[in-house]
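Asker: 3D, please:
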Amino acid sequence: MNIDVKVPTLPDSIHTADIAKLYVSEGQLVYAGDVLFDVETEKVVLEIMADCSGIIENITIANGDHVNPEQVVMTLQQLADSELPARPTVDQTHDSKLSVNCQ
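Answerer: Numbers count the residues shown, from 1 in each chain. Have a look, this model is predicted:
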């Protein structure tokens with residue numbers, strides 16, 4: 001199932017915002033809770049996270065774009081938990097030479 005990812009509703013006095021940073025690209029696998037992009041207003045930066053796990057199918061924004069509340073900015077093909085690979089651990093995503101040993 002495809003899910004529309006939208007800019008959240010902004011406070012009453014704010015009618016537009018900017019895309020401060022885009023963290024994903026088309027075709028990327030994301031997990032529920034991953035940050036997709038940041039929306040910046042005059043007063044605050046909001047992290048927009050994935051509500052569900054899936055694959056980013058279409059992105060219609062770029063860094064610096066002006067957006068409106070409730071604007072659809074990407075679509076996500078939702079995947080069932082059984083279709084998802086295990087989330088990579090820190091050891092799987094970093095070279096062991098760069099790993100920090102926390103105790």
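
Asker: hang on, Ser82 is in a helix, isn't it?
Answerer: Yes: per DSSP: H, G, I helix; E, B strand; the rest coil, Ser82 lies within a helix segment.

Asker: what's the pLDDT at it?
Answerer: pLDDT, Ser82: 76.

Asker: cool, and Ile48?
Answerer: 96.

Asker: Next, count neighbours for Ala86.
Answerer: Residues lying near Ala86 (other C-beta atoms under 10 Å) number 6. Quick note: C-beta positions are derived from backbone N, CA and C, even for glycine.

Asker: The residue nearest the centre of the chain: what secondary structure?
Answerer: What sits nearest the mean C-alpha location of the chain, by C-alpha atoms, centre = their mean, is Leu36, with 0.9 Å. Under the three-state scheme (three-state DSSP), Leu36 adopts strand.

Asker: again, but for Asp18
Answerer: Three-state call for Asp18 (three-state DSSP): strand.

Asker: what's the neighbour count on it?
Answerer: 16.

Asker: any idea what sits nearest it, other than its immediate chain neighbours?
Answerer: In space, and not counting its chain neighbours, Asp18 is closest to Glu40: 5.0 Å by C-beta to C-beta, 6 or more residues apart in numbering.
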